[in-house]
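Q: Pasting the sequence and the predicted coordinates here, then a few questions.
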Amino acid sequence: MSKTDNVVTFTNKSRSTCVIEGFPGVAALNSRGAQIKQAVRTTSLAPGDSRIRPVYLKPGGVASALVAANTASCNSPADVRGLLVTAPDTYRSVHLGAPGYMCLHSLTVSPVVPGNAAGFVF
């Protein structure tokens, strides 16, 4: 089974500690920049852990979230030309580059976690 995984990072650029908690808003965009699908929230955190926790970011600190979708679970994957991402508790969105082909019905986003690896352990 094929998947498209994208790690979205959030960096504290202020001079004081901030808190980020919850899910970012994520929408897949078509070639005209129009939203074609909103990501569904998933709470697939560490095994046995389903709590969403606040992430305290010191100046320069980083948090991240995983945006994922299957690429082999449908007959006609969509050519996603970009992602529109909004950090939790904010209204300003950022347009990110093209993640490629994916099945839109499987587009998910995880909650924000500390670090730049969206909870992956390498």
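A: Now that the structure is in, tell me what you want to look at. Numbering: from 1, shown residues only.

Q: so where is this protein shaky, pLDDT-wise?
A: Along the chain, the parts satisfying pLDDT under 70 run over 1, 44-50, 73, 120-122.

Q: Strands of that one, start to end?
A: 3-11, 18-20, 25-29, 35-38, 40-41, 55-57, 62-70, 78-80, 82-86, 93-96, 100-102, 108-109, 113-114 (DSSP state E).

Q: Run a quick neighbour tally on Asp79.
A: For Asp79, the count of nearby residues is 13 (other C-beta atoms under 10 Å). For every residue, glycine as well, the C-beta is placed using N, CA and C.

Q: Contacts only, for the nearest residue to it once chain neighbours are set aside.
A: Take Asp79 and drop its neighbours on the chain: the residue closest to it by C-beta to C-beta, 6 or more residues apart in numbering is Tyr101, 5.7 Å away. With contact taken as C-beta atoms under 8 Å, 6 or more residues apart in numbering, Tyr101 is in contact with 4, 71, 77-80.
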